[in-house]
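In: Pasting the sequence and the predicted coordinates here, then a few questions.
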Amino acid sequence: MTRGPFPTTRFRRTRATPSLRNLVRETELSVNDLIWPVFVCDGTNERQKVVSMPGVERRSVDLIVEAAREAADLGIPAICLFPYTDASLKTELCEEAWNPDNLSNRAIRAIRDAGIAIAVMTDIALDPYNANGHDGIVRDGVIVNDETVEALVKMALAQAEAGADILGPSDMMDGRIGAIRAALEAEGHQGVTIMSYAAKFASAFYGPFRDAVGASGALKGDKKTYQIDPANRNEALACVARDLAEGADMVMVKPGLPYLDMVRAVKDAFGAPTYAYQVSGEYAMIEAAAANGWIDGDKVMLESLMAFRRAGCDGVLTYFAPRVAKALNG
Ligand code: PBG
């Protein structure tokens, strides 16, 4: 896009006062832009600190309901559930993933039963349930695509049955969006939305998350045979095109801040509802520097989220969500 020159050479005129700055501000950040990822664990009234993510904790289902209520009261439109599954339930075939009474599905039902006005988003991938820690089923050391997609479809239907509003396939198998959409249509879940982790890169920024869901101990090797090479922009755009064509309602870029060029490219190319995930490692970096007094954590938090919006995000998954909402609500 070419632009003519702005009609001034004295830009400081419109920066002079808060009122003038408010008048010329091009981007707004609101609580409506936030999705809050939370970690669910077993037990009652149970809270467990996540060491690599200061300020983040796993909560038992009863406390997840309280968290959902708190989020709804703050005006946050969606909460996203990630289960911390006991090692004894992890198997090679990941059967716990589609157990109607697994931790994640119990949490969805509990939030629904409490009548809380918040959208519930889920994660579709096998890693919390996999003895190998991978997002897909492993056969002879290879992550098998089509058999994994069959398992993901069962997982998706169990989540839809439990009352999820937004399904979030984060596994990066080929063909999963089409298969999940077809199953939802066939089984009477036409209204369930899919937010595809379409441009999900093989990133070292996910490290603290794998601790939070207890997958780091189990994981053998890396995820480079299914997640996108951080070097590949065209491939990522092609994945977004494919997932939209297969029936995704919304698409995501992940990680966030180091990949904002992808957010802008996706928004400009497709115009679809576009989200980014400010992932665990991004959160941990900000918190660690703030804890040392090296940066002002709250200011960096708000500035980073404004940057997501400026890049074209319709919303952001962020562990900061309640803190941002409180800051914005004043
Ligand atoms: C699981 C999944 C991951 C994240 C979200 N869903 C980890 C991974 O792909 O290894 C990462 C989230 C974060 O780092 O905050 N497939």
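Out: Perfect, I can see it now.

In: Now residue 62: closest residue in space that isn't a chain neighbour?
Out: Closest residue to residue 62 apart from its sequence neighbours, by Cβ to Cβ, 6 or more residues apart in numbering: residue 44 at 5.4 Å. C-betas here are computed from N, CA, C, even on glycine.

In: mind checking the SS state of the closest residue to residue 259 other than its chain neighbours?
Out: For residue 259, ignoring the flanking residues on the chain, the nearest one in space by Cβ to Cβ, 6+ apart is residue 253 at 5.4 Å. The three-state assignment at residue 253 reads strand, by DSSP: H, G, I helix; E, B strand; the rest coil.

In: so residue 253 makes contact with residue 263?
Out: Yes - counting by Cβ atoms under 8 Å, residue 263 is a contact partner of residue 253 at 4.9 Å.

In: more crowded one of the two?
Out: residue 253 (29 against 26; other Cβ atoms under 10 Å).

In: quick one: pLDDT of the more buried one?
Out: pLDDT for residue 253: 98.

In: cool, and the one 3 residues further on?
Out: Reading off the confidence values, residue 256 has pLDDT 98.

In: Also the one 4 residues further on?
Out: pLDDT recorded at residue 260 is 98.

In: With residue 8 instead?
Out: So, for residue 8, pLDDT stands at 68.

In: Contact partners for the residue of the stretch 1-150 of the chain at minimum distance from the ligand?
Out: The ligand sits closest to residue 125 of the stretch 1-150 of the chain, with a gap of 3.5 Å, by Cβ to the nearest ligand atom. Neighbouring residues of residue 125 by Cβ atoms under 8 Å, 6 or more residues apart in numbering: 135, 152, 169, 170, 171.

In: Out of those residues, which sit inside strands?
Out: Using DSSP state E, the members of the contacts of residue 125 that fall within strands are residue 169.

In: and which of the contacts of residue 125 is nearest to residue 187?
Out: residue 152 (14.3 Å; Cβ to Cβ).

In: For the closest one, give me its contacts.
Out: By Cβ under 8 Å, 6+ apart, residue 152 lies in contact with 124, 125, 126, 169, 171, 173, 176, 179, 180.

In: Residue 50 and residue 211 touch, don't they?
Out: Yes - at 6.4 Å, residue 50 counts as touching residue 211 under the criterion of Cβ under 8 Å.
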